[in-house]
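S.K.: Could you look at this predicted model? Sequence included:
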Amino acid sequence: MDLTGKLLIAMPGMGDPRFEHSVVFMCSHTEDGAMGLIVNKPARDVRLSDLLDQLDIGGAARPEMPVHFGGPVDGVRGFVLHSAEYASRLHTLAVPGGFCMTATLDILEDIAAGTGPQRALMMLGYAGWGPDQLEDEISRNGWLTADAAPELVYDMPDDAKWAAALNSIGVDPLGLSASAGRA
């Protein structure tokens, strides 16, 4: 099952506090592994305008968008998950469902110039899985999967995304248990 373009929703009791109540947008899922970005965990006290200043990127647009904790892997590397009307001059990965992911500096320059994507989330770091690792975590009740809706990913407040993702598949967050059962 290819989960590219889908959401992973962390189940209670996952055991890894970095993923507690996480919603992960899956950018890539192949037999070689998987890569995703956590879309509902803003980094503390870091704004995109701060990063633009650190990178000495000027521009008329000084977006106050938060920077998100994208995952525990390569925490200094930046990724922008964005709408499909924008493509980087260097490289943009198109993801099913009208999403794209760009990890090159030119997207930050374009955002600062006011010519970037209409919808975007900035992340530092990513979530990564080796071959069969994600499938194993899903089989052990670590994750649920859902379709990714742009409104949920981009427009909803971060603290409401986990419950909204669960509701999108008909699951009441209050009814979840940390223990898995086997029939």
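M.R.: Structure's in. What do you need?
S.K.: how far away is the residue nearest the centre of the chain from Asp56?
M.R.: Nearest to the geometric centre of the chain sits Leu37, at 2.9 Å (Cα atoms, centre = their mean). Counting by Cβ to Cβ, to the nearest Å, the separation of Leu37 from Asp56 is 25 Å. Heads up, the C-betas are built off the backbone N, CA and C, glycines and all.
S.K.: and Val171, how many neighbours does it have?
M.R.: Counted with other Cβ atoms under 10 Å, the neighbours of Val171 add up to 16.
S.K.: Check which helix or strand it maps to.
M.R.: Secondary structure assignment for Val171, by DSSP states H and E: no helix or strand.
S.K.: same thing with Gly15?
M.R.: Using DSSP H and E, no helix or strand contains Gly15.
S.K.: Below-threshold pLDDT in the chain: ranges please.
M.R.: 60-63, 177-183 (pLDDT under 70).
S.K.: Would you map the strands across it?
M.R.: 6-10, 23-30, 33-38, 42-47, 66-69, 73-83, 93-95, 99-102, 120-129, 143-147 (DSSP state E).
S.K.: I'd like those written out as JSON lines, with distance to Ala165 added.
M.R.: As requested, those are exported to JSON lines (distance: least, Cβ to Cβ, whole Å):
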{"stretch": "strand 6-10", "distance to Ala165": "5"}
{"stretch": "strand 23-30", "distance to Ala165": "5"}
{"stretch": "strand 33-38", "distance to Ala165": "12"}
{"stretch": "strand 42-47", "distance to Ala165": "16"}
{"stretch": "strand 66-69", "distance to Ala165": "15"}
{"stretch": "strand 73-83", "distance to Ala165": "15"}
{"stretch": "strand 93-95", "distance to Ala165": "17"}
{"stretch": "strand 99-102", "distance to Ala165": "15"}
{"stretch": "strand 120-129", "distance to Ala165": "15"}
{"stretch": "strand 143-147", "distance to Ala165": "5"}
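S.K.: Between these, which one is closest to Lys161.
M.R.: strand 23-30 (4.8 Å; Cβ to Cβ).
S.K.: Output the contacting helices and strands for that closest one.
M.R.: On a contact count with 3 or more Cβ pairs under 8 Å, 6 or more residues apart in numbering; DSSP states H and E, strand 23-30 meets strand 6-10, strand 33-38, strand 93-95, helix 161-168.
S.K.: Which one, of the strands of the chain, ends up nearest to Pro173?
M.R.: Nearest to Pro173, of the strands of the chain and by Cβ to Cβ, is strand 6-10 at 9.6 Å.
S.K.: Neighbouring strands of the closest one in the sheet, and parallel or not?
M.R.: Under the criterion DSSP bridges, strand 6-10 sits next to strand 23-30 (antiparallel), strand 143-147 (antiparallel) in its sheet.
S.K.: In that strand, which residues are buried?
M.R.: Buried residues in strand 6-10, counted by 16 or more other Cβ atoms under 10 Å: 6-10.
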